[in-house]
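In: Starting from these lines, generate the structure:
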Amino acid sequence: MSNRRVSTDAIFVGAVVALLSGCSSTAAQPPKPILPGDIVATVGATRFTLAQVDEKALEQETGSFGGMKLSQALYEARRAAIEDLVDDALIAQDAAARKLAREAVIEQEITAKVARVTDADIAAWFGQNQARVQGATLDQAHDAIGSFLLQQRTQTAREAYVTRLRGTADIRVALNPPRQSVPAAGRPAKGPANAAIEIIEFSDFQCPFCLQAFPTVNQVMATYGEKVRLVYRHYPLPNHANARPAAEAAQCAAEQGQFWPYHDRLFGGQSRLTEADLKQYAAQIGLNTGVFNACVDSHKYKADVEADIKAGNAAGVTGTPAFFINGRSLSGAQPFAEFKRLIDDELAAKRP
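Out: Here you go, the predicted model:
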């Protein structure tokens with residue numbers, strides 16, 4: 001599933017406020033422009049043109065796409081519209097196959113499977129999420145929480161139903177995603193050099209969202225194995241005083257062939273990234289500390305880190321973590337499902 005729906009946090013906060021106030025280094029040929037009448041998605045015999053998709057896509061709020069480049073935001077809006085159109089078509093096809101009205105199928109497969117929201121559910125959610133209700137009391141937020149939980153449960157039931165339908169459907173999408181040309185630049189990497197998927201990661205060792213993404217990236221590597229090559233590039237943010245020294249230190253570890261163990265150690269000790277800590281971590285993983293300390297003290301890799309920042313800026317990076325999957329942008333600490341969506345798309349496109 002795509003990231004086409006507004007986050008549940010945004011839905012809930014809106015309700016409360018209403019109540020209370022790469023590509024890889026081999027350059028690809030530019031894709032042929034898609035015309036309004038071109039077919040960009042099919043679900044069995046059902047076809048959707050770009051014009052149909054744009055009728056839905058261009059209704060979306062620009063704020064839903066944050067600081068993305070226009071080309072990426074337009075692609076995401078179109079892809080989200082395709083996903084919604086495909087879902088609607090699958091439900092309609094299922095209703096026709098069962099000789100039922102669409103409303104009857106929705107009642108059976110979605111509405112009937114949504115558990116009623118009780119006062120106890122609302123109170124439990126309130127007790128666990130008081131920081132998210134902007135100072136509201138339980139009575140003030142009661143209806144908003146109830147609506148939020150009902151919407152969340154309905155969405156979950158719908159997605160479970162549609163996922164089941166997608167499992168047996170013939171779905172084809174011919175929408176070309178925008179790609180950035182982001183070189184690996186000889187930076188630390190793991191995975192085969194000829195892997196089908198190249199992920200360029202721009203990250204910051206002091207960034208809490210990068211730490212949040214750390215296990216997800218490990219899950220990606222464990223899941224796809226030899227199909228993926230991960231390249232790490234530095235993007236220390238100016239508001240993280242220890243991020244740049246940590247980035248330079250990581251390159252000093254790379255000089256001794258130990259970038260990834262040091263990378264893991266830095267994220268494991270993100271709250272302690274002083275110069276003394278950086279040198280202590282080097283000793284802990286068995287580096288030659290004399291060589292390492294001299295490297296750190298001389299700022300030997302300052303220019304390399306600067307080059308990475310410039311490369312990130314050129315690719316449109318505005319925050320961390322930022323990923324380019326075969327040149328396709330994925331920003332922020334996204335869940336594994338979003339990595340899987342892009343990677344599976346890329347693998348499917350490479351099949352004969």
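In: Using the centroid of this structure, identify the residue furthest from it.
Out: Largest separation from the mean C-alpha position in the chain: Gly290, at 39.7 Å (C-alpha atoms, centre = their mean).
In: can you list contacts of whichever helix or strand it is part of?
Out: Using DSSP states H and E, Gly290 falls within helix 289-297. Outside of helix 289-297, the residues within contact range by C-beta atoms under 8 Å, 6 or more residues apart in numbering are 245, 248-249, 252-253, 255-256, 275, 278-279, 282-283, 301. The way it works is simple: take the backbone N, C-alpha and C, and place the C-beta from them, glycine included.
In: Return the subset of the residues you listed lying in helices.
Out: Residues from the contacts of helix 289-297 lying in helices, with DSSP state H as the criterion: Pro245, Glu248, Ala249, Cys252, Ala253, Glu255, Glu275, Leu278, Lys279, Ala282, Ala283.
In: Between the residues you listed, which sits nearest Val305?
Out: Of all the ones in helices among the contacts of helix 289-297, Val305 sits closest to Glu248, with 5.7 Å by C-beta to C-beta.
In: check contacts around the closest residue to that closest one other than its chain neighbours.
Out: Closest residue to Glu248 apart from its sequence neighbours, by C-beta to C-beta, 6 or more residues apart in numbering: Tyr301 at 4.8 Å. By C-beta under 8 Å, 6+ apart, the contact set of Tyr301 is Ala247, Glu248, Gln251, Cys252, Cys295.
In: What of Asp308?
Out: Each residue near Asp308 by C-beta under 8 Å, 6+ apart is listed here: Ala185, Arg187, Phe202, Arg233, His234, Tyr235, Ala247.
In: which residues of the stretch 51-200 of the chain fall in strands?
Out: In the stretch 51-200 of the chain, the segments counted as strands under DSSP state E, counting those that start in this stretch are 171-173, 189-190, 197-203.
In: Can you say which of those is packed in most?
Out: Most buried of the strands of the stretch 51-200 of the chain, by mean neighbour count (mean count of other C-beta atoms under 10 Å): strand 197-203, with a mean of 25.
In: Output the contacting helices and strands for whichever helix or strand comes after that one.
Out: Per DSSP H and E, strand 197-203 leads on to helix 208-224 as the next helix or strand towards the C-terminus. Counting contacts by 3 or more C-beta pairs under 8 Å, 6 or more residues apart in numbering; DSSP states H and E, helix 208-224 packs against strand 197-203, strand 228-234, helix 259-268, helix 336-350.
In: ok now the helix holding Gly290, how far from the chain's centre?
Out: Chain-centre distance of helix 289-297: 36 Å, with C-alpha atoms, centre = their mean, to the nearest Å.
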